[in-house]
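Peer 1: Have a look at this prediction, sequence included:
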Amino acid sequence: MKRLVLITMLLPLWVQAAEPQSSPTREEFTALKAEIDQLRALLPTQAHTMVDVEHQFANAWFAAKAGNWPLAKFYVNETRGRVTWTVRIRPVRKSEAGEDIVLAPLAQALETAGFVPLRAAIEARNRKDFEAAYRSALKACYGCHVAVEKPQLRPEIPHMPGTLLIDMKPDAR
């Protein structure tokens with residue numbers, strides 16, 4: 001009986017919530033569009049986020065070289081996050097010919113060809129496999145750069161870590 005009373009009391013609220021809302025006015029729509037445009041202008045460029053990718057990925061190399069596998073895992077995961085962020089910021093680029101280049105499939109290819117083998121090598125704590133996977137990931141990165149008509153961006157094995165502040169040694173105190 002209590003359940004029936006509760007349903008009877010709540011039914012008008014559910015019906016009211018299910019009623020269609022009125023469409024926004026032209027002024028509200030224009031204001032909303034202007035706000036969206038303003039927020040888009042605040043987003044960093046892909047070039048900015050790719051600097052973050054470079055920083056994290058270079059650090060992954062040096063952490064693995066030092067045998068600091070938890071740190072290498074951290075930096076590979078951070079790299080993956082930055083790639084995802086980059087695609088969210090600008091999911092489609094225009095080619096020189098004005099055609100759309102959808103970035104999600106490129107990011108998925110990098111995940112499959114690059115990050116999956118890297119994570120496996122890190123879990124196995126295998127330097128040789130890590131180095132091979134890292135080189136493969138760099139090739140996948142370059143494939144993406146070529147696909148978005150930026151072949152001049154040729155990644156290579158880093159010469160120094162992206163950070164000078166973090167100690168890469170596994171036994172750092």
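Peer 2: Good, I have the coordinates.
Peer 1: List the contacts of the nearest residue to Pro151 once chain neighbours are set aside.
Peer 2: Leaving aside its chain neighbours, Pro151 sits nearest to His145 (6.2 Å; criterion: Cβ to Cβ, 6 or more residues apart in numbering). The C-beta positions use only the backbone N, C-alpha and C, and glycine is treated the same way. Contacts for His145 (Cβ atoms under 8 Å, 6 or more residues apart in numbering) come out as Pro151, Leu153, Arg154, Pro155.
Peer 1: Name the SS class of the first one, please.
Peer 2: Three-state secondary structure (criterion: DSSP: H, G, I helix; E, B strand; the rest coil) places Pro151 in coil.
Peer 1: Next one: it from Ser136, what distance?
Peer 2: According to Cβ to Cβ, to the nearest Å, Pro151 and Ser136 sit 18 Å apart.
Peer 1: and what of the last one?
Peer 2: Per Cβ to Cβ, Pro155 is found 12 Å from Ser136.
Peer 1: just to revisit the earlier point, between Pro151 and Ser136, which has more neighbouring residues?
Peer 2: The neighbour comparison of Pro151 against Ser136 (other Cβ atoms under 10 Å) goes to Ser136, with 14 against 10.
Peer 1: from what I can see that one touches Phe115, true?
Peer 2: No - Ser136 lies out of contact with Phe115 (Cβ atoms under 8 Å); the separation is 10.2 Å.
Peer 1: Tell me the secondary structure at the residue nearest to the spatial centre of the chain.
Peer 2: Centroid-nearest residue in the chain: Thr84, 1.4 Å away (criterion: Cα atoms, centre = their mean). The local conformation at Thr84, judged by three-state DSSP, is helix.
Peer 1: isn't it right next to Ala107, touching?
Peer 2: Yes - with contact defined as Cβ under 8 Å, Thr84 reaches Ala107; the gap is 6.9 Å.
Peer 1: Now do the strands in this structure.
Peer 2: Applying DSSP state E to the chain gives strands spanning 92-94, 100-102.
Peer 1: Tell me which other helices or strands the last one touches.
Peer 2: I take that to be strand 100-102. When contacts are defined as 3 or more Cβ pairs under 8 Å, 6 or more residues apart in numbering; DSSP states H and E, strand 100-102 sits against strand 92-94.
Peer 1: what pairs with the strand it packs on, and is each one parallel or antiparallel?
Peer 2: Next to strand 92-94 in the sheet, as set by DSSP bridges, lie strand 100-102 (antiparallel).
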